[in-house]
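**Student:** here is a sequence with its predicted model. Questions after.
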Amino acid sequence: MPAFGPGAVVLLLAQALVAAGVYAVATRHGSRYPRVGAVIVFLVGAAVLFTVPTLAVATGLLVLEAAAVALCYLFVRSRGGRGRPAA
């Protein structure tokens with residue numbers, strides 16, 4: 001059964017915060033399409049939220065997603081802050 005209920009709204013708001021973070025980082029590092037990246041992160045997270053069996057699993061996946069976004073940010077920072085490879 002999908003994870004519907006009051007907790008789902010909270011997780012969607014948290015997902016929106018993660019997407020906003022992705023947008024901010026992508027904009028700061030000169031990504032060509034930061035809005036597209038943020039929308040994709042939000043939609044994938046929302047799809048996972050409504051397909052997993054419980055809110056506990058959805059919460060765990062949200063935490064893993066936030067950690068993955070943070071690791072990607074650290075990777076970009078370690079490359080010298082370049083959003084795109086030099087031509």
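**Tutor:** Structure received.

**Student:** on the three-state scheme, residue 30 is what?
**Tutor:** coil (DSSP: H, G, I helix; E, B strand; the rest coil).

**Student:** could you pull out the buried residues of stretch 40-52?
**Tutor:** By neighbour count on 16 or more other C-beta atoms under 10 Å, the buried set for stretch 40-52 is 41, 42, 45, 46, 48, 49, 52. Glycine gets a C-beta too; all of them are placed from N, C-alpha and C.

**Student:** got the buried residues for stretch 16-35?
**Tutor:** Under 16+ other C-beta under 10 Å, the buried positions of stretch 16-35 are 18, 19, 21, 22, 23, 25, 26, 29, 31, 34.

**Student:** re the thing from before, which of the buried residues of stretch 40-52 fall within strands?
**Tutor:** Using DSSP state E, no member of these falls within strands.

**Student:** so which of those comes closest to residue 10?
**Tutor:** Set against residue 10, the nearest of the buried residues of stretch 40-52 by C-beta to C-beta is residue 49 (10.4 Å).

**Student:** with adjacent residues omitted, what lies nearest to that closest one?
**Tutor:** residue 58 (4.8 Å; C-beta to C-beta, 6 or more residues apart in numbering).

**Student:** ok, now which ones touch the one you found?
**Tutor:** Counting by C-beta atoms under 8 Å, 6 or more residues apart in numbering, residue 58 makes contact with 3, 8, 11, 48, 49, 52.
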